[in-house]
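Trainee: sequence first, predicted model second:
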2 protein chains.
Amino acid sequence: MTDISMIDAAAARLKGHARRTPLLSSPFLDEIAGRRVLVKAECLQHTGSFKFRGGWSAVSALAPEVRARGVIAYSSGNHAQGVAYAARQHGVPAVIIMPSDAPRLKVDNTRTLGAEVVLYDRANESREAIGARLAEERGLTLIRPYDEPQVIAGQGTCGLEIAEQAAEQGVTGGTVLVPCGGGGLTSGIALALEARAPGLKVRPCEPEGFDDTARSLAAGEILRNPRMAGSLCDAIVTPEPGQLTFPILSRLCGPGLAVSDDEALRAMALAFLRLKIVIEPGGAVALAAALFRPDQLQGDTVIAVATGGNVDADLYRTALERFGTP
Amino acid sequence: MTDISMIDAAAARLKGHARRTPLLSSPFLDEIAGRRVLVKAECLQHTGSFKFRGGWSAVSALAPEVRARGVIAYSSGNHAQGVAYAARQHGVPAVIIMPSDAPRLKVDNTRTLGAEVVLYDRANESREAIGARLAEERGLTLIRPYDEPQVIAGQGTCGLEIAEQAAEQGVTGGTVLVPCGGGGLTSGIALALEARAPGLKVRPCEPEGFDDTARSLAAGEILRNPRMAGSLCDAIVTPEPGQLTFPILSRLCGPGLAVSDDEALRAMALAFLRLKIVIEPGGAVALAAALFRPDQLQGDTVIAVATGGNVDADLYRTALERFGTP
């Protein structure tokens, strides 16, 4: 299983390939939150989300002769782009299985990054089954989006950077809020911080109505979301916490926080106004929790991870129309 | 006058206060430009533009007893915010003179950053005269937006970072495109690169119809813009190149490039889609030139500085509505 030595090894493989994304802040956001807010801008990572870290980590960890046959991934979009770009940079083929209702931008981007895209019906088909069949037929290696030790290790490199950058700003204690889908990033960051900044505690953030992780942590067992469609934060809606990630989350993280779609849109608009970064709804739930759940947080500093920025222009315009005037 | 030792000294004073902004890229932008495009994201600097560098440099260079009486600045917005925030961080008062037609966001931001804002009529009043009078009355030190050696030195620290970051990416030769108003940033970067990366040559970028610097460089003498209003790129519209900056620009930079307002808006939309950063129109003219003036550039790499991101939500929505669909 993933541990700090695997995360360190992933960091070594990612060096010179992944960006060290900045830890941003604004006095305007501090004022809203009533405490210091630091934002880890993973939307500035290659392909517009932290998923490049896990994709690169997994692809680079394969034996060369295995890697040469290619990789396959299923994803609502960001994992797909991360894996596709990592495969292209390694010069190997990538097949990506995406839901037919994924944002067009994500589908187009993934194709332009050199991957073959296979679409499936989210309501009636199992992406896992499709992935397993294609992997067997073509000799491809399946790169799971979160329940995969090397992917968790890659996402954990974001946690190493948070530990370093927080220390550079004099922060050694506080809460780290992480948008949580299957839990790959959340568990990876939690493992990295456990080793390198034990004063920083991770809390997963989710959309209201799709808070499977928060409810699972509270119950002490894996619980499912009652439904999969209907959230603007589609990038982080998964059926349930992962088999590999949940034990890590249980040991190190919680309790979870949940925000509304409107709060995510408002956080996106504030990131536009005050940080000059583009965040997608799912990538904004941690910032939204930092800003709009002050009573559920402790301490004078909160770190929020802004996980991705792959949002359609139409939805972004809506966020600015509704919340873009200070 | 500003030289590399002044820039190094400014960098030492800025250390731990200014952000080392990232040098971003996207394969999608490379494809449009037909060459590698690296974007120095100064919109991620404190207060949303590179101007914080010059503001901090100038305020921090004052003798403590002079600084304690306060500073005053005139600006279309970004310089105001940079000086206001630098003054607040130093615990000294700031008075900012702004045109009455400046974007409301910039006026509000400057007030919220703790400055006293004095508005003037851009068409009928001289901001220089107002600034000189207030400075004398209150014992304030005037911080000029570009014709000020310590401001040029502060902006030059952006050039030091470009030299380092380009070398990290294996780039030692090519063109550096810089949005140019009065020329403080352009001349500061040019001085830094002359000393630290002489293979990188600076070319100023301006809005069409407001290309006083390009025409001045071609003529070998300072020429004025025929008008001051009518560009979306208001942040970089100045009457003419500075008395201190123009000799530096003449010696080290050119020829200038000019882009249309529509091209600036399209570059803003592409920065949204591909880099996940927010750029204002004036801050996008260098990226626009990198993308849409391929025949006027040489070499296989171009570096574009994205100088600022302080744009009203309404104008940003227009840019996305018109150019936000890939």
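Mentor: All right, it came through fine.
Trainee: how much space between A:Gly34 and B:Asp212?
Mentor: In this view, A:Gly34 and B:Asp212 are 46 Å apart by Cβ to Cβ, to the nearest Å. C-beta: built from backbone N, CA, C; applies to glycine.
Trainee: more crowded one of those two?
Mentor: B:Asp212 (25 against 13; other Cβ atoms under 10 Å in any protein chain shown).
Trainee: now the more buried one, nearest residue through space, not along the chain?
Mentor: B:Asn225 (4.5 Å; Cβ to Cβ, 6 or more residues apart in numbering or on different chains).
Trainee: next: A:Ala195.
Mentor: Per Cβ to Cβ, 6+ apart, closest to A:Ala195 is A:Ile4, 4.0 Å.
Trainee: cool, A:Pro239 as well?
Mentor: Of all residues not flanking A:Pro239 in the chain, A:Arg224 sits nearest, at 5.6 Å (Cβ to Cβ, 6+ apart).
Trainee: which residue, other than its chain neighbours, is closest to A:Asp37?
Mentor: Just so we're on the same page, residue A:37 is Val rather than Asp. Here the residue nearest A:Val37, using Cβ to Cβ, 6+ apart, is A:Leu29, at 4.6 Å.
Trainee: which element is that neighbour on?
Mentor: helix A:27-33 (DSSP states H and E).
Trainee: which strands and helices sit next to that helix?
Mentor: Counting contacts by 3 or more Cβ pairs under 8 Å, 6 or more residues apart in numbering or on different chains; DSSP states H and E, helix A:27-33 packs against strand A:36-41, helix A:261-274, helix A:285-292, helix B:104-112.
Trainee: how far off centre is that helix?
Mentor: 24 Å (Cα atoms, centre = their mean, to the nearest Å).
Trainee: over to stretch A:314-323?
Mentor: 22 Å.
Trainee: residues of chain A that sit close to chain B?
Mentor: A:19-22, A:24, A:27-28, A:41, A:43-44, A:48, A:85, A:105, A:108-109, A:112-113, A:269, A:272-279, A:309, A:313-314, A:316-317, A:320-321, A:324-326 (Cβ under 8 Å from any Cβ of the partner chain).
Trainee: buried ones among these?
Mentor: For these, a burial check counting by 16 or more other Cβ atoms under 10 Å in any protein chain shown picks out A:19-22, A:24, A:27-28, A:41, A:43-44, A:48, A:85, A:105, A:109, A:113, A:269, A:272-279, A:309, A:313, A:316-317, A:320, A:324.
Trainee: okay, now the unreliable bits of chain A?
Mentor: A:76 (pLDDT under 70).
Trainee: what's the single longest helix in it?
Mentor: helix A:149-168 (DSSP state H).
Trainee: pairing partners for the helix or strand that that one is followed by, with directions?
Mentor: Next helix or strand after helix A:149-168 toward the C-terminus (DSSP H and E): strand A:174-179. Here strand A:174-179 has these sheet partners by DSSP bridges: strand A:200-207 (parallel), strand A:301-306 (parallel).
Trainee: compute the inter-axis angle for whatever helix or strand comes next after strand A:174-179 and helix A:285-292.
Mentor: Downstream of strand A:174-179, the next assigned helix or strand under DSSP H and E is helix A:184-196. For helix A:184-196 against helix A:285-292, the angle by axes from the mean of the first three to the mean of the last three Cα atoms, to 10 degrees is 70 degrees.
Trainee: for A:Val52, give its distance to A:Ala18.
Mentor: Just so we're on the same page, residue A:52 is Phe rather than Val. On the measure of Cβ to Cβ, A:Phe52 and A:Ala18 end up 6 Å apart.
Trainee: so these two - more neighbours on which side?
Mentor: Taking neighbours as other Cβ under 10 Å, A:Phe52 and A:Ala18 compare with A:Phe52 leading, 29 against 25.
Trainee: and the helix or strand the more buried one falls within, which residues are buried?
Mentor: Element membership for A:Phe52, per DSSP H and E: helix A:51-61. Buried residues in helix A:51-61, counting neighbours by 16+ other Cβ under 10 Å, are found at A:51-61.
Trainee: contacting residues for whichever residue of the stretch 151-300 of chain A sits closest to chain B?
Mentor: Across the stretch 151-300 of chain A, the shortest distance to chain B (Cβ to the nearest Cβ) belongs to A:Lys276, at 3.4 Å. Counting by Cβ atoms under 8 Å, 6 or more residues apart in numbering or on different chains, A:Lys276 touches B:43-44, B:48, B:277-279, B:309.
Trainee: same check on A:Leu24?
Mentor: The contact partners of A:Leu24, taken as Cβ under 8 Å, 6+ apart, are A:38-39, A:41, A:275, A:277, B:19, B:44.
Trainee: at 7 Å what do you get?
Mentor: Neighbouring residues of A:Leu24 by Cβ atoms under 7 Å, 6 or more residues apart in numbering or on different chains: A:39, A:41, A:275, A:277, B:44.
Trainee: nearest residue to the last one other than its sequence neighbours?
Mentor: The one in question is B:Leu44. The nearest residue in space to B:Leu44 (Cβ to Cβ, 6+ apart) is B:Thr21, at 4.9 Å.
Trainee: on that earlier part again, do I have it right that the residue nearest to A:Val37 meets A:Ala271?
Mentor: No. If you go by Cβ atoms under 7 Å, A:Leu29 and A:Ala271 don't touch, sitting 8.6 Å apart.
Trainee: and the single nearest residue of the stretch 1-150 of chain A relative to chain B, which of the three is it?
Mentor: Nearest residue of the stretch 1-150 of chain A to chain B (Cβ to the nearest Cβ) works out as A:Cys43 at 4.3 Å. Using DSSP: H, G, I helix; E, B strand; the rest coil, the structure places A:Cys43 in helix.
Trainee: skipping its backbone neighbours, what lies nearest it in space?
Mentor: A:Gly309 (3.3 Å).
Trainee: same check, this time on A:Arg69
Mentor: Nearest one to A:Arg69, counting by Cβ to Cβ, 6+ apart, is A:Gly139 at 4.3 Å.
Trainee: name the element A:Ala258 belongs to?
Mentor: With DSSP H and E as the criterion, A:Ala258 is inside strand A:257-259.
Trainee: rewinding a little: can I get the strands paired with strand A:174-179 in TSV with mean neighbour count?
Mentor: Shown next, in TSV, are the strands paired with strand A:174-179 (neighbours: other Cβ atoms under 10 Å in any protein chain shown):
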stretch	mean neighbour count
strand A:200-207	27
strand A:301-306	28
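Trainee: my guess is A:Ala269 contacts A:Ala319, does it?
Mentor: Yes. Counting by Cβ under 7 Å, A:Ala319 is a contact partner of A:Ala269 at 5.1 Å.
Trainee: before we move on, back to that, quick one: list the elements packing against the strand holding A:Ala258.
Mentor: In this structure, strand A:257-259 packs against strand A:200-207, helix A:285-292, with contacts taken as 3 or more Cβ pairs under 7 Å, 6 or more residues apart in numbering or on different chains; DSSP states H and E.
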